[in-house]
Structure formats: structure tokens, C-alpha cells
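Asks: heads up, no residue letters with this:
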């Protein structure tokens with residue numbers, strides 16, 4: 001059920017207070033940054049267009065305006081090649097622009113939200129439930145409102161309560 005006339009891109013640049021993202025997949029390699037991912041795998045430098053991508057400006061504009069952008073990634077070790085890329089390059093790049101990251105590592109414990117799927121939650125009022133193919137290709141988002149928002153708020157609160165700041169996790173488990 002779509003309850004928004006805005007697109008995901010519009011929500012990402014027009015939310016008022018905060019945007020929360022839950023990531024649950026081990027591979028988003030077909031959803032953007034494909035050339036950067038190939039460069040990472042080949043041991044090359046980060047491409048300039050990846051370091052200065054539009055997403056970095058979106059995050060920087062939002063955080064400079066006093067808005068919060070943050071996410072939790074549910075993962076387990078060993079990391080896939082894609083997760084190594086995302087955490088080493090993507091998260092560090094986006095942190096420099098002001099985005100906050102948290103990790104819920106399920107390597108040696110049960111996932112407290114096993115049915116959770118990827119989503120954005122904007123201003124605690126609007127959910128963009130994300131859809132992906134098995135290879136990590138983004139298919140689109142369904143915008144949900146009403147009583148469904150409570151489910152996603154509860155999920156956000158649960159994963160935040162069980163996650164640790166990315167920098168803390170990376171210091172222990174990163175390369």
C-alpha cells in the first residue's frame with residue numbers, strides 16, 4: 001500500500017528530523033556503486049565519482065541542517081566480499097558526511113528480528129519498505145503508513161538496542 005506521493009529520493013532529501021535505515025542483506029552489489037565495487041575487489045583506489053557521489057551530498061546537506069541519518073546493518077561473520085566493500089569504503093565515506101552507522105552482529109547470537117526486511121523510516125511517520133532481487137538489485141520501495149509504522153518503529157528500537165556503533169565494531173572485527 002503506497003501512502004506517499006513522494007519518491008524515495010524526495011523523502012531522502014525532504015525529511016524533517018531523522019531518517020533511519022535497516023539493512024539486512026549481505027549483497028547490494030547490483031544497486032549502485034558497481035564500478036567502485038569492482039575497483040575494491042581488484043585492490044584499486046576508490047574512484048573519484050564514488051568518493052563524491054550524490055549520496056554523499058544528500059547526507060551532508062541533511063546533517064548540516066541538523067537532521068539525523070542513521071542505520072543498522074544486521075550481519076554475521078565472515079563478511080561477504082560485498083560487505084567488506086560496503087563497510088570499508090561506503091560506511092567510512094558516508095560517516096565523513098555525517099551519517100551514523102551501527103552493527104547488529106549475529107555471528108554468535110540469535111537475530112532479535114529474524115523476520116525484518118530492509119526499510120527506511122522517515123520522521124517516525126512514513127516507512128519505505130525496500131524490495132531487492134536475490135543478487136542485491138534494488139527493485140523499489142512501498143510506502144506504508146498508519147498502523148504499519150508502529151511495526152517498523154518497534155523493529156528500529158529493537159535493532160538499535162542490540163547493535164553497537166560501527167566504529168566500535170570495526171575496531172574489533174574490521175580489516
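Replies: The structure has been received and is ready for your questions. These figures come from a predicted structure and were not determined experimentally. Numbering: from 1, shown residues only.
Asks: biggest helix in the chain, by residue count?
Replies: helix 148-162 (DSSP state H).
Asks: How about the contacts made by residue 169?
Replies: Shown in contact with residue 169 (C-beta atoms under 8 Å, 6 or more residues apart in numbering): 103, 105. The C-beta positions use only the backbone N, C-alpha and C, and glycine is treated the same way.
Asks: Output the contacting helices and strands for the next helix or strand after the longest helix of the chain.
Replies: Following helix 148-162 in sequence order, the next helix or strand is strand 164-165 (DSSP states H and E). Under the contact criterion of 3 or more C-beta pairs under 8 Å, 6 or more residues apart in numbering; DSSP states H and E, strand 164-165 touches strand 100-105.
Asks: how far is the helix or strand just after the strand it packs on from where the chain is centred?
Replies: For strand 100-105, the following helix or strand on the C-terminal side (DSSP H and E) is strand 119-122. Centre-to-centre, strand 119-122 and its host chain are 10 Å apart (C-alpha atoms, centre = their mean, to the nearest Å).
Asks: what does strand 119-122 contact?
Replies: Contacts for strand 119-122 (C-beta under 8 Å, 6+ apart): 8, 11-12, 15, 18-22, 127-130, 141, 149, 152-153, 155-156.
Asks: in its sheet, what does the helix or strand following that strand sit against?
Replies: With elements assigned by DSSP H and E, the helix or strand that comes after strand 119-122 is strand 126-132. When sheet partners are counted by DSSP bridges, strand 126-132 sits next to strand 119-122 (antiparallel), strand 138-144 (antiparallel).
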